[in-house]
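J.: Prediction below, plus the sequence it came from.
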Amino acid sequence: MKAIVQDRYGVLEFGTVDTPVAGDDEVLVEVRAASVNAWDWHVMRGDPYLSRLMFGLRRPRRRIRGRDFAGTVAAVGKNVTRFRPGDEVYGDLGALEGTFAEYVSVPDGQIERKPANLTFEEAAAVPLAANTALMGLRDVAGVQPGQRVLLNGASGGVGTFALQLAKSFGATVTAVCSTRNVQLVTDLGADHVIDYTQQDFTRAGEQYDVVFDLVGNHSLRALRRTVAPGGILVLSGGGVSRGGSLVGPMGLVIKAELVARFARDRIVRLTEAPSRENLVTLRELIESGKVTPVVDRTYPLTETAAAIDYVEVEHARAKVVISV
């Protein structure tokens, strides 16, 4: 099969590899579309360098990048009963990766039927980003009707889903974004918009019940100023690319975990994990019209490196998708 392969940090190549075979508890999917996340460029670059302890010291342990996918079932393992060839599905491979390819073998617990009202490209934009938003707002922050929620990075992949989810939960949402994305977040339902090129939300004097930081571009002290008494700060920032670094956005996370032990306010680092149950929830929200994926650009599989570069350095808004 054709795939995007990586044998050293910083270099992706379009090549041919063996087609995977579904294990007993796996589903072989013919990939129709995948999407790009911050995870992909962190692994591609091995940046921050500290992350190579997890990804691989000299080269990534896994040759094929990509977590999100949407496609059709090609074959199922002998223990899989929920799917049959031809079913349209979507999911998140997590740290297993491998979706920038024509086929991928997926554990049964990380795949679900895709939303019927979405194209494959739209469906591929959902799993990782929307699951991150859902876990951050519902599971960690426990957002309730009437609460004030601030989203730093509201126009990004996770942010566009978080904005719609927060509104569906009945929250009043303040979206932080750049000038060119003000209309986008307004159209998605933001009650208030802060253009970060004109105003620093950490110095505005406003406080919120939930602050969901998806960028990692402010100090922990500055972010804590924006949290109301009894509120919560949720950290899930992928950082921005400034070249090779030792710790990158992990510095903020490490500091937050140390401070959280002694702070009166709640500071939580969000750790996203693939969830079949959440894929079901997201499908229901999408089919009901409460959540709609926003796709910025679509690239062919052969131009995956350019797609990752766009996400890495050009501040892509919403999601970037690979059509296979």
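T.: Great, that's in hand.
J.: any idea which helix or strand carries the residue lying closest to Phe83 once chain neighbours are set aside?
T.: Nearest non-adjacent residue to Phe83, counting by CB to CB, 6 or more residues apart in numbering: Val73, 4.9 Å away. (Glycine included, C-beta is placed from N, CA and C.) If you go by DSSP states H and E, Val73 is part of strand 68-76.
J.: again with Ile308
T.: helix 304-313.
J.: Sketch out the low-pLDDT regions of the stretch 151-300 of the chain for me.
T.: Low-confidence segments of the stretch 151-300 of the chain (pLDDT under 70): 238-265.
J.: show me where the stretch 201-324 of the chain has strands.
T.: With strands called from DSSP state E, counting those that start in this stretch, the stretch 201-324 of the chain shows them at 208-213, 227-235, 266-269, 295-300, 319-323.
J.: May I see those strands organised as a markdown table, with mean neighbour count and distance to Gly15 added?
T.: What follows is the strands of the stretch 201-324 of the chain, written out as a markdown table (neighbours: other CB atoms under 10 Å; distance: least, CB to CB, whole Å):
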| stretch | mean neighbour count | distance to Gly15 |
| --- | --- | --- |
| strand 208-213 | 26 | 38 |
| strand 227-235 | 18 | 37 |
| strand 266-269 | 17 | 36 |
| strand 295-300 | 17 | 15 |
| strand 319-323 | 25 | 15 |
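J.: Output those in a markdown table; the columns should cover distance to Val193.
T.: Converted to a markdown table, the strands of the stretch 201-324 of the chain look like this (distance: least, CB to CB, whole Å):
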| stretch | distance to Val193 |
| --- | --- |
| strand 208-213 | 14 |
| strand 227-235 | 20 |
| strand 266-269 | 25 |
| strand 295-300 | 18 |
| strand 319-323 | 20 |
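J.: which stretch among those comes nearest Arg63?
T.: Proximity to Arg63, assessed across these by CB to CB, is greatest for strand 319-323 (16.4 Å).
J.: which residues are contacting the closest one?
T.: 32-36, 66, 100, 121-122, 124-125, 129, 157, 160, 293-301, 304, 307, 310-311 (CB atoms under 8 Å, 6 or more residues apart in numbering).
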